[in-house]
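# Fold the following.
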Amino acid sequence: MEDRPYCWRMAEKSSDVVIIGAGLIGLATAWRLAADGIQVTVCDPTPGSQTSSVAAGMLAPVTEVEYGEDALLALNLASVAAWPSFAEELEALTGQSAGLNRTGTLSVAYDVDDAAALHRLADYQRRLGLDVEELSGREARKREPLLAAGVSGGVWVPGDHSVDNRQAVATLLRATELVGVNLIRQRVARVLTSGTAAVGVQLEDGQSLMADQIVAAAGPWSSQLEGIPQELRVPVRPLKGEILRLRVPEAYRPALHHTVRATARGFTVYLVPRPGGELVVGATTSELGYDTRVLAGGVFALLRDARTVLPITDELELVEAVAGLRPATPDNAPILGDSGLDGLLWATGHYRNGVLLTPITAQLIAETIRTGALPELAQPFLAARFGPAQHADARRADPGDEMPKVAT
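Model prediction:
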């Protein structure tokens, strides 16, 4: 370390692995590594309180499949298959629930045009070999009796489930504590480099933390990490989403038995029931930089669409309205693995699939660190798939925004 600048040596500490970001992805990766005896430090000023706490927690690789996203579908399917054992391991270690709700998902259409679009998607899903069952409006209402009489059709997806993301965060925090992960509640001011290698991080208090390997799991703040050469920055941008949490009165429980993803007059809304009577409604999508204000228009749109397909929405208590930031990429797929700097791996850009992809991302990144090779399943998601121009634009957000803190 003699060639390092003097300031690096002040209050210097070390760890085998430093993970930037304590959202679901960062915490799960830390848990996997520390359980194998690797010394792990996670840096985040507000662990689990950003994007990971706002999501609705849908595990919907089939319901939300998009045309042409074959590689992403394979990753999503691998992760939804991994969730049960992932949850069981967490629960066995901590004695706490991981929040997995294996209820299946019902997609429904409100009018004739919505039904036609849903039928086209179901046909595509079947061509991909996915497990879906088309239903009439009456059959959909038989599964969910409180759906509106106007619901014209549906698709039953038995393999798509949901997770109480806040419960999962709490249980992962406990798991990381039990396996000896060091959690530092500070933001990372910059990544420290030496030549073409990342060798550590500098915290906001000036302390340096050196590491053999750094994992950047900072969600929508990943492109803002200082110290990474401009040409290697990732094109991750914040995509705002608002969700609502409603409380169902005892007399109406359960308002829904399954997760419902509805298309109502061309607008999409999802309703995710939680044990205990909570119903999560989401989500809006808007390009507003790092703005997390909840706007009246977003709340109105969510309630309008929810009550169209579930009229009892009018009778539910509005408990919370909150906005979060999805880490979006140009192709809506995550960025995993090599960064172009030795010693720095990306685990970011999961867009709307962060909760879904938590188990498989942790597994892939942990395996990469243990073996030195990125598994084949993750190969399509290297940062190198983006050209230099997109890397150069990686820091673009709202020019009026303050530089945000690094957190997930």
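# center of the chain - which residue?
residue 354 (1.7 Å; Cα atoms, centre = their mean).
# my guess is that one contacts residue 325, does it?
No - with contact defined as Cβ atoms under 8 Å, residue 354 and residue 325 do not form a contacting pair (10.8 Å). C-betas here are computed from N, CA, C, even on glycine.
# Need the overlap of contacts for the two.
51, 219 (Cβ atoms under 8 Å, 6 or more residues apart in numbering).
# how near is residue 266 to residue 140?
18 Å (Cβ to Cβ, to the nearest Å).
# Neighbour count: the two, which is higher?
The residue with more neighbours, out of residue 266 and residue 140, is residue 140; 24 against 11, by other Cβ atoms under 10 Å.
# Phi first, then psi, for that one.
phi -60, psi -40 (degrees, to the nearest 10).
# Let me know the pLDDT of the residue nearest to it when sequence neighbours are not counted.
In this structure, residue 140 finds its nearest non-sequential neighbour in residue 154, 3.3 Å apart by Cβ to Cβ, 6 or more residues apart in numbering. For residue 154, the model assigns a pLDDT of 98.
# Show me what whichever strand or helix holds residue 154 is packed against.
Using DSSP states H and E, residue 154 maps to strand 153-157. Other elements packing on strand 153-157 under the criterion 3 or more Cβ pairs under 8 Å, 6 or more residues apart in numbering; DSSP states H and E are strand 105-109, helix 112-127, strand 133-136, helix 137-143.
# Deepest-packed of these, please.
With neighbours defined by mean count of other Cβ atoms under 10 Å, none of these is more surrounded on average than strand 105-109, at a mean of 27.
# Enumerate every residue touching residue 309.
108, 110, 147, 148, 151, 260, 262, 264, 269, 271.
# swap in residue 212?
With Cβ under 8 Å, 6+ apart, residue 212 has these contacts: 16, 17, 343.
# Any of the residues you listed buried? List them.
17, 343 (16 or more other Cβ atoms under 10 Å).
# Report the angle between the strand holding residue 154 and helix 112-127.
30 degrees (axes from the mean of the first three to the mean of the last three Cα atoms, to 10 degrees).
# Residue 214 and residue 345 touch, don't they?
Yes - when contacts are counted by Cβ under 8 Å, residue 214 is listed as touching residue 345 (7.2 Å).
# Which one's more surrounded, these two?
residue 214 (29 against 26).
# Okay, the more buried one and residue 171: tell me how far apart.
On the measure of Cβ to Cβ, residue 214 and residue 171 end up 25 Å apart.
# Over to residue 96?
Counting by Cβ to Cβ, the gap from residue 96 to residue 171 is 5 Å.
# Find the residues that touch each one of the two.
Joint contacts of residue 96 and residue 171 (Cβ under 8 Å, 6+ apart) are residue 90.
# Sounds good, over and out.
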